[in-house]
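Undergrad: below is the structure, and that's it, no one-letter string:
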Ligand code: FEO
């Protein structure tokens, strides 16, 4: 049985992951409209992934005798100035999500909820992956700079960064 404190903290993460999904969906739509097909495909996949992160938490909370709370979500930013701004925003957001996961891990340790602590290890590993991918992509964009041809090739290449489906 989950303590009220852990249930509340996990529900906060449910919302954060769902908001991540919305943020990436908005980025995908922006990229699609601007003609960046590859970036759009990548961000649609990213959005789907975040939804599975949220869902996995919903199921865990309910399985452990809590009640996963489906809340209102903060509206995502819908306009961007550049592809680079999109990926800078993504990296910043993923670092923020990692901090939230780390805080959750700390709460579970403090309250000796080892089952939830164990459950969260999947998220810890996932965040390492996501931050690393975002950094690699940003490095590439920094190399390309303002070069239009480079950006075109980048857009063709980015789909290879789509993570294989690991979330259940
Ligand atoms: Fe599920 Fe990218 O945090």
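TA: Perfect, thanks for sending it. Because the structure is a prediction, the values reported are computed rather than measured.
Undergrad: what about residue 15, distance to residue 9?
TA: Between residue 15 and residue 9 the distance is 11 Å, computed by CB to CB, to the nearest Å. (C-beta placed from N, C-alpha, C; glycine too.)
Undergrad: go on, residue 64?
TA: Taking CB to CB, one finds residue 64 at 13 Å from residue 9.
Undergrad: what of residue 83?
TA: Taking CB to CB as the measure, residue 83 and residue 9 are separated by 34 Å.
Undergrad: near the ligand, which residues of this structure? Just list them.
TA: 17, 20, 50, 53, 94, 97, 130 (CB under 6 Å from any ligand atom).
Undergrad: highest neighbour count among those residues?
TA: Across the residues of the chain next to the ligand, the neighbour count under other CB atoms under 10 Å reaches its highest value at residue 20, namely 25 neighbours.
Undergrad: quick one: contacts for the residue in the chain that the ligand sits nearest to?
TA: Nearest to the ligand in the chain, going by CB to the nearest ligand atom, is residue 53, at a distance of 3.7 Å. Residue 53 sits next to 17, 20-21, 123, 126, 167 when contact means CB atoms under 8 Å, 6 or more residues apart in numbering.
Undergrad: which one's more surrounded, residue 83 and residue 9?
TA: Neighbours were tallied for residue 83 and for residue 9 using other CB under 10 Å; the higher tally belongs to residue 83 (22 against 19).
Undergrad: what strand or helix carries the residue in the chain sticking out farthest from the centre?
TA: If you look at how far each residue of the chain sits from its centre, by CA atoms, centre = their mean, the farthest one is residue 149, at 28.8 Å. Under the criterion DSSP states H and E, the helix or strand holding residue 149 is helix 148-157.
Undergrad: buried set for that helix?
TA: Along helix 148-157, these residues count as buried under the neighbour rule (16 or more other CB atoms under 10 Å): 151, 154-155.
Undergrad: for it, which helices and strands make contact with it?
TA: helix 37-63, helix 83-110, helix 114-144 (3 or more CB pairs under 8 Å, 6 or more residues apart in numbering; DSSP states H and E).
Undergrad: and the angle for the longest one with helix 148-157?
TA: Regarding helix 114-144 and helix 148-157, their directions subtend 150 degrees when assessed with axes from the mean of the first three to the mean of the last three CA atoms, to 10 degrees.
Undergrad: and the shortest one, by the same measure?
TA: Using the same axes, to 10 degrees, the interaxial angle of helix 37-63 with respect to helix 148-157 works out to 40 degrees.
Undergrad: great, nothing more from me.
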